[in-house]
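Asker: could you look at this predicted model? Sequence included:
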Amino acid sequence: MLGGGGGAPKERRHPNSAGAATRRLGVGGRGLVIAVPYFWLLLFFLAPFLIVLKISFAEFQVGVPPYTPLVEWVDDQYLQIRMSFASYFYLFGDELYVAAYFNSLKIAFFSTLFALLLGYPMAYGIARADKSIRNLLLLAVVLPFWTSFLIRVYAWIGILKNNGLLNNFLMWAGVINEPLEILNTEMAVYIGIVYAYLPFMILPLYSTLEKMDMSLLEAAMDLGCRPWKAFLKVTLPLSMPGIVAGCMLVFIPAVGEFVIPDLLGGADTLMIGKVLWAEFFNNRDWPAASAVAVAMLVFLVVPIMLFQSYQARQEAKAKEQG
Amino acid sequence: MTNRSPFLISALAFGFAFLYVPILLLIVFSFNESKLVTVWGGFSFKWYGELFQDEQLLGAAKVSLLIAAMSATLATLLGTMAGLIMARFGRFKGRTLFSGMITAPMVMPEVITGLAILLMFVVLEELTGWPDGRGITTITIAHTTFAMAYVTIVIQSRLSQMDDSVEEAAMDLGARPLKVFFLITLPIIAPALVSGWLLAFTLSLDDLVTTSFAAGPSSSTLPMVVFSSVRLGVTPKINALATILVVLATMAIVVAGYIMHRQEQQRKRAMQRALAEQDAM
């Protein structure tokens, strides 16, 4: 399975000339370098998912561990395999889970959209800024990422709550008479997600916009195109790869987000990550939590991965043609 | 749209205000005398004093730093190997699965990876007796696993940008592969190793979800303690902690940026010198 040096002859066709360097490592060395990280990932990444799959077919029981065994020796004579779909029936029968799933998609979709609307002009502005300050602006975009995520989310609690800074300010300015209720609503979750993931939107957008050939825009303008139209017809289509990459980077973590809906969304905001957490930590129902995880994998992660590999193939094709 | 379009400038101003005002407010209110985080009651360092007397927070910070250092080191080791495999090893049996396992942790919701690795530890313990209970070891393993993916990407992209003719030349001159790696490849990718390690360190220090699954009852990391206290309400002590973390992160970034900038300059100068010498010959 690890296939150390088994594939060696094939590599001679590989175009990467430095393959030669590793080829001469010999079967032993090369195999070892592959085996160590391979084994680690098999043991701590792949195998755990198989266990989740297995436990999702078990039944909840009071005890340690809190689930029934799947395979059991009965009377020391024959092997009994007991598969239970109880957790799945429960999952799809209860409106809560389906609602949480669709609500997660909705929240992730709109946060991604808001992040794009805010991030695109920012990325564009940075890409068109003077070279001397461009790196500084980029650093300013990345810097919040290196400070604690939890604390950045926490910062919004003090701002958004009923007697928080935003409401105090708006009341002082005379804009409103009564505090707005923002904390513990979905609005707060939108703000939190856009805030936390904005850098992930800006960076890929910036890197495509920065590489863009400005003479194309000039040509469009010279031919009488209005600036707004030139943007829609030239800049926007050319920056599509950045838009897709940025949206994926925001959408993916947003769907499974737990911390933001938990701290900012209050009890009424349903998101699938929060449901899984509650199922595991509050209800101690491991099979149900596992079933939620499997359903998330099938309905969320697999489509995303398929989309990404489709995207990668499209790009490779475009490169070949270009 | 021109260079100085008012629309772009206001978008940038609004965006950066959005990014930085919450952090600045957090810092300002850490010096607030009042216990109410939203009403200014005069300047004071008292929350910093309380912070440094909070045994639970300090203990958790130590645990977090220890785990972050260990898992970043392990992740850099494994990630360098994985990056080397992805960039230099060409095809081998099981490569598709391998690259899948490298990229998957980055699209996987953390609640799933956390749950999965916890159940893995439970089953392993049932079968082999290891790991005996959950704690620092299990958290370190969990962090290493997700951080490794990020390190791999960093190393892989550095390796694929690197000019491999230098490696080729060393091989042709008879250097053994291991020697080539340590004498040629490693020094060239060193900046990527540093940024990979820092990335892994930060990810580990910051992680709440995976940690909560992998942690036992006796081992709490800093994010876990912060999270449970934040859930109970806002306290200026957390603001003081946040301020310290922000200052440390900013300093680390500035220093790392400066070092990398200087190394890049040195490399460029060395290249130029080499080219000049070549021309002279």
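Answerer: Sure thing, it's come through. Nothing here was measured: the structure is a model prediction, and the numbers come from that model.
Asker: stretch B:265-280 and chain A in contact?
Answerer: No: if you take CB under 8 Å from any CB of the partner chain as the test, stretch B:265-280 misses chain A, and the best it gets is 14.3 Å. C-betas here are computed from N, CA, C, even on glycine.
Asker: quick one: contacts of that stretch?
Answerer: Counting contacts by CB atoms under 8 Å, 6 or more residues apart in numbering or on different chains, no residue outside stretch B:265-280 touches it.
Asker: what are the ranges of the helices in the stretch 1-150 of chain B?
Answerer: B:6-30, B:46-51, B:55-88, B:95-107, B:110-128, B:136-161 (DSSP state H, counting those that start in this stretch).
Asker: of all of the stretch 151-281 of chain B, which residue lies closest to chain A?
Answerer: Nearest to chain A, among the residues of the stretch 151-281 of chain B, is residue B:164, at 3.7 Å (CB to the nearest CB).
Asker: where in the chain is pLDDT low?
Answerer: Since you didn't name a chain, this refers to chain A. A:1-28, A:62-64, A:71-75, A:79-81, A:322 (pLDDT under 70).
Asker: please go with chain B instead
Answerer: For chain B (pLDDT under 70), the answer is B:1-4, B:37-38, B:281.
Asker: name the SS class of the residue positioned nearest the centre of it, please.
Answerer: For chain B, the residue nearest the mean C-alpha position is residue B:199 (2.2 Å; CA atoms, centre = their mean). At residue B:199 the chain is in helix, as set by DSSP: H, G, I helix; E, B strand; the rest coil.
Asker: ok, residue A:177 next?
Answerer: Relying on three-state DSSP, one would call residue A:177 coil.
Asker: related to what we said a few turns ago, closest one to residue A:155 among the helices of the stretch 1-150 of chain B?
Answerer: Of all these, it is helix B:6-30 that lies closest to residue A:155, at 3.9 Å by CB to CB.
Asker: what about that closest one, near chain A?
Answerer: Yes: interface with chain A: helix B:6-30 contributes B:7-9, B:11-12, B:14-16, B:18-20, B:22-23, B:25-26, B:29 (CB under 8 Å from any CB).
Asker: of all those residues, which comes closest to residue A:193?
Answerer: Residue A:193 lies nearest to residue B:18 out of the residues of helix B:6-30 next to chain A, by CB to CB, at 12.8 Å.
Asker: is it true that that closest one touches residue A:191?
Answerer: No: between residue B:18 and residue A:191 there is no contact under CB atoms under 8 Å: 9.1 Å.
Asker: and the helices of the stretch 1-150 of chain B as JSON lines, adding distance to residue A:238 and mean neighbour count?
Answerer: Compiled in JSON lines, the helices of the stretch 1-150 of chain B are given as follows (distance: least, CB to CB, whole Å; neighbours: other CB atoms under 10 Å in any protein chain shown):
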{"stretch": "helix B:6-30", "distance to residue A:238": "17", "mean neighbour count": "17"}
{"stretch": "helix B:46-51", "distance to residue A:238": "50", "mean neighbour count": "17"}
{"stretch": "helix B:55-88", "distance to residue A:238": "29", "mean neighbour count": "21"}
{"stretch": "helix B:95-107", "distance to residue A:238": "26", "mean neighbour count": "17"}
{"stretch": "helix B:110-128", "distance to residue A:238": "34", "mean neighbour count": "22"}
{"stretch": "helix B:136-161", "distance to residue A:238": "23", "mean neighbour count": "23"}
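Asker: for the closest residue to chain A within the stretch 101-250 of chain B, list the residues it contacts.
Answerer: Among all residues of the stretch 101-250 of chain B, residue B:109 sits closest to chain A, at 2.3 Å; criterion: CB to the nearest CB. Applying CB under 8 Å, 6+ apart, we find residue B:109 in contact with A:252, A:253, A:255, A:256, A:257, A:273, A:296, A:300, A:301.
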